[in-house]
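Visitor: starting from these lines, generate the structure:
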Amino acid sequence: MPSQLDNALNNVMDQILAAGGPFEVGTYQRYGQDLPIFVNAPPSLAHYFAAFPAEGRDRTFLVDGDIRLTFEETYQAARAVAGGLVASHDVQVGDRIGLAARNSANWVVTYMAILMAGGCATLLNGWWSGDEMQHGIDLADCKLVLADAPRAARLDDIDHNAKVVVFEHGKPWAEGLAPLMPQGGADTPLPELGPDDLATILYTSGSTGLSKGAYSDHRGVVQGVMSYVAQSAMALGYMTAIGEGPEEGAQQCALVAVPLFHVTGEVPLFLQSFAIGRKLAMIPKWDAEEAMRVMEAEGVTYFVGVPLMSYEIATHPDRAKYDLSACKSFAAGGAPRPKEHVTRIKEAFPEGFPLLGYGLTETNAVGCGNFNENYLAKPGSTGTPSRPLVDMAILDDDGNALPSGEIGEVAIRSVCNFLGYWENQEATDAAIMPDGYFRTGDLGYLDEDDYLYIVDRKKDIIIRGGENISCLEVEQAIYAHSDIAECSVFGIPDERMGEVPAAVWLPKDGADLSEADLLAFLDGQIAKFKIPEKLWQADGPLPRLGTEKVDRKALRAHYHAELEGAA
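Guide: As a prediction, this is how the structure comes out:
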């Protein structure tokens, strides 16, 4: 039966969704279905940036080293850069504009400027190799790629169809982003945008190898953001009702420790913060001690990362040196969090709570959430579908809904969902059912209280610390070595990362190929996080299925057992 907290949160949400309020719900027809939608949401992200925060635009929004920008300063910077993109680089509505850079204040300004100029923010994975970046650029037919120097250097000897413009981090926006706006600026007219205009392309690794570009219109992204804002309003209403809400006028602050080119960093962290007036404190790359230093200095109240990040803070030997008492929420997404992590985090931060979310690139991060006491009671669950937008079903292979408790493929339908995979109708048709359900590829079940439990994945994807890795893509990189006869790639458990890639390979007869040689070959062929961390050399042909495909499942089971035996 629903918990006391479930009932309390539902009561608060009922009040939030009242007619005439900011979260009033109507319907929008897509796929022949009347989908719930927030009728008062801004029509585009450009309107969203102009409208929010409703008050306190003079408060600090971005903290990036010595750079500090208020909400209004950030907006005005983005407005000027947007004018520069239109006047200097002829950005038109719908043009795909690649963004390839690490997190920084200037990344945020650039992202906003692309959208305000009418472009489609095409978020290139900052960890990709040059060849992988080329694929993403050419797939989306990017007109421009706005990149920092390290990412631009990876493209130096790579043929692609885009113009690369390099910008800098760590400098005031007018200086660091000057190459984006040699002409034009805040007075340059910008196009009028609507909900049907193209907004974003985010890349997702699939079992077919090369990354696919999941594209969304402004309606989908804005509704996804507003879904998170509604969840935050629900949580705030509940905490205030029980006398544990923040002090009146206090500003919330989140640490930006996940890449902004991923949907978790983009939607619930960055974009949501603009609506709720939340400060963002940035670190250039993950380092647990640096994270704690910034958390203390900026009074971070909310932390989100892949599960290993909050666990590393909770178990860090120097944690007691830092005052982290302001942080009440330790959220995770991108990968399941081991149950023991939940307990350790709660023990380390008795006044805070671990949280867990479940969403995908294709759903603009919208899906489920498991909060506070509910998460402690059901640590194996990703929580209940987010009200009021998410319609979740568990489907069999024929697309029929399964009853509570039965395992099937998790499917999500909402107005927040992506529209499809760019220039890949076959993959789009396979993922989106005619009635609008997106088939996630995850296997799970809903319990009697509508809590989702993920038990496995249908697709051969390794999730390394929240980063998706295609087994097939890594296999193709290994097969590119002339001395490889056979190989298979699969995930193995890892305490920090959840799982990491591993591989078994068979060299050709007479070949002299060492593990070190193979690793050296892969370095530069694929991103470092995709390179197998454990390798086994086979002494004979790999096992095969009746279809003559290598039996990856049998190999994974065999080597998992070998690792457990060794442990």
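
Visitor: list the buried residues for the helix or strand harbouring residue 223?
Guide: Following DSSP states H and E, one finds residue 223 within helix 218-241. Neighbour-count burial for helix 218-241, counted by 16 or more other CB atoms under 10 Å, picks out 218-238. Any C-beta I mention is one placed from the backbone N, CA and C, and that applies to glycine too.

Visitor: now the strands for the stretch 101-250 of the chain?
Guide: Listed in chain order, the strands of the stretch 101-250 of the chain (DSSP state E, counting those that start in this stretch) span 120-123, 144-147, 163-166, 198-204, 212-217.

Visitor: which strands and helices lie in contact with the longest one?
Guide: The one in question is strand 198-204. strand 120-123, strand 212-217, helix 218-241 (3 or more CB pairs under 8 Å, 6 or more residues apart in numbering; DSSP states H and E).

Visitor: send the alpha carbons of the longest one over as PDB?
Guide: As requested, the backbone C-alpha atoms of helix 218-241 are provided in PDB (Å, rounded to 0.1, in the frame of the first residue of the first chain):
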ATOM      1  CA  HIS A 218      11.000  23.000 -27.900                       C
ATOM      2  CA  ARG A 219       7.700  21.700 -26.600                       C
ATOM      3  CA  GLY A 220       9.300  18.400 -25.500                       C
ATOM      4  CA  VAL A 221      12.300  20.000 -23.800                       C
ATOM      5  CA  VAL A 222      10.300  22.700 -22.100                       C
ATOM      6  CA  GLN A 223       7.700  20.300 -20.800                       C
ATOM      7  CA  GLY A 224      10.500  18.000 -19.600                       C
ATOM      8  CA  VAL A 225      12.000  20.900 -17.600                       C
ATOM      9  CA  MET A 226       8.600  21.900 -16.200                       C
ATOM     10  CA  SER A 227       8.000  18.300 -15.100                       C
ATOM     11  CA  TYR A 228      11.100  18.600 -12.900                       C
ATOM     12  CA  VAL A 229      10.100  22.000 -11.700                       C
ATOM     13  CA  ALA A 230       6.700  20.500 -10.700                       C
ATOM     14  CA  GLN A 231       8.500  17.700  -8.800                       C
ATOM     15  CA  SER A 232      10.600  20.300  -7.000                       C
ATOM     16  CA  ALA A 233       7.600  22.400  -6.100                       C
ATOM     17  CA  MET A 234       6.000  19.200  -4.700                       C
ATOM     18  CA  ALA A 235       9.000  18.400  -2.600                       C
ATOM     19  CA  LEU A 236       9.200  22.100  -1.400                       C
ATOM     20  CA  GLY A 237       5.500  22.100  -0.500                       C
ATOM     21  CA  TYR A 238       5.800  18.900   1.500                       C
ATOM     22  CA  MET A 239       9.000  20.000   3.400                       C
ATOM     23  CA  THR A 240       7.400  23.400   4.200                       C
ATOM     24  CA  ALA A 241       4.300  21.700   5.500                       C
END
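
Visitor: let me know the next secondary structure element after that helix.
Guide: strand 253-256.

Visitor: just say helix, strand or coil for the closest residue to residue 37 other than its chain neighbours.
Guide: With sequence-adjacent residues excluded and distances taken as CB to CB, 6 or more residues apart in numbering, residue 37 is closest to residue 28, at 4.3 Å. Under DSSP: H, G, I helix; E, B strand; the rest coil, the three-state class of residue 28 is strand.

Visitor: quick one: residue 28 and residue 196 touch, right?
Guide: No. Residue 28 is beyond contact range of residue 196, at 11.1 Å (criterion: CB atoms under 8 Å).

Visitor: any weak-confidence spans in the stretch 401-550 of the chain?
Guide: By pLDDT under 70, the weakly predicted segments of the stretch 401-550 of the chain are 545-548.

Visitor: so what's the residue count around residue 17?
Guide: The local packing of residue 17 (other CB atoms under 10 Å) involves 18 other residues.

Visitor: would you agree it is in contact with residue 10?
Guide: No. If you go by CB under 8 Å, residue 17 and residue 10 don't touch, sitting 10.5 Å apart.

Visitor: if I look at these two, which residues touch both of them?
Guide: Shared contacts of residue 17 and residue 10, defined by CB atoms under 8 Å, 6 or more residues apart in numbering, comprise residue 387.

Visitor: of the helices and strands packed on strand 198-204, which is nearest residue 171?
Guide: Evaluated over the helices and strands packed on strand 198-204, closeness to residue 171 peaks at strand 120-123, with 21.6 Å, by CB to CB.

Visitor: distance of residue 442 relative to residue 30?
Guide: 23 Å (CB to CB, to the nearest Å).

Visitor: so the two - more neighbours on which side?
Guide: residue 442 (20 against 17).

Visitor: buried sites along the least confident helix or strand in the chain by mean pLDDT?
Guide: Ranking every helix and strand in the chain by mean pLDDT, DSSP states H and E puts helix 339-348 at the bottom, with a mean of 80. Under the neighbour-count criterion of 16+ other CB under 10 Å, helix 339-348 has 341, 342, 344, 345, 346, 348 buried.

Visitor: same check, this time on stretch 270-284
Guide: Those buried within stretch 270-284 under the rule 16+ other CB under 10 Å are 270-283.

Visitor: just the CA trace of it, in PDB.
Guide: In PDB, the C-alpha atoms belonging to stretch 270-284 read as follows (Å, rounded to 0.1, in the frame of the first residue of the first chain):
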ATOM      1  CA  PHE A 270      21.000  23.200 -15.700                       C
ATOM      2  CA  LEU A 271      17.700  24.100 -17.300                       C
ATOM      3  CA  GLN A 272      15.500  23.500 -14.200                       C
ATOM      4  CA  SER A 273      17.800  25.700 -12.100                       C
ATOM      5  CA  PHE A 274      16.900  28.700 -14.300                       C
ATOM      6  CA  ALA A 275      13.200  28.400 -13.300                       C
ATOM      7  CA  ILE A 276      13.700  27.800  -9.600                       C
ATOM      8  CA  GLY A 277      16.400  30.400  -9.100                       C
ATOM      9  CA  ARG A 278      19.100  27.900  -8.100                       C
ATOM     10  CA  LYS A 279      22.800  28.700  -8.200                       C
ATOM     11  CA  LEU A 280      25.100  26.400 -10.100                       C
ATOM     12  CA  ALA A 281      28.600  25.900  -8.800                       C
ATOM     13  CA  MET A 282      30.900  24.200 -11.400                       C
ATOM     14  CA  ILE A 283      34.000  22.100 -11.300                       C
ATOM     15  CA  PRO A 284      35.800  21.400 -14.600                       C
END
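
Visitor: the residue lying farthest from the centre of the chain: what secondary structure?
Guide: Distance from the C-alpha centroid of the chain peaks at residue 510, with 44.8 Å (CA atoms, centre = their mean). Look at residue 510: counting by three-state DSSP, its state is coil.

Visitor: go on, residue 15?
Guide: helix.

Visitor: I'd guessed it sits against residue 237; true?
Guide: Yes. The pair residue 15 and residue 237 passes the contact test of CB under 8 Å, sitting 7.1 Å apart.

Visitor: got any residues that touch both of these two?
Guide: With CB under 8 Å, 6+ apart, residue 15 and residue 237 have no common neighbours.

Visitor: pop the domain breakdown of this protein in here.
Guide: Taking automatic domain parsing as the domain assignment, the ranges for the chain are 4-42+218-251+259-276+308-322+335-457, 72-216, 464-566.

Visitor: could you dump the helices and strands packed on strand 198-204 into a markdown table with distance to residue 203 added?
Guide: As requested, the helices and strands packed on strand 198-204 are exported to a markdown table (distance: least, CB to CB, whole Å):
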| stretch | distance to residue 203 |
| --- | --- |
| strand 120-123 | 7 |
| strand 212-217 | 6 |
| helix 218-241 | 15 |
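
Visitor: tabulate these (JSON lines), appending mean pLDDT.
Guide: Compiled in JSON lines, these are given as follows (pLDDT from 0 to 100):
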{"stretch": "strand 120-123", "mean pLDDT": "98"}
{"stretch": "strand 212-217", "mean pLDDT": "97"}
{"stretch": "helix 218-241", "mean pLDDT": "96"}
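
Visitor: neighbours of residue 329, how many?
Guide: Residue 329: 20 neighbours (other CB under 10 Å).

Visitor: err, residue 402, not the other one
Guide: There are 15 residues near residue 402, going by other CB under 10 Å.
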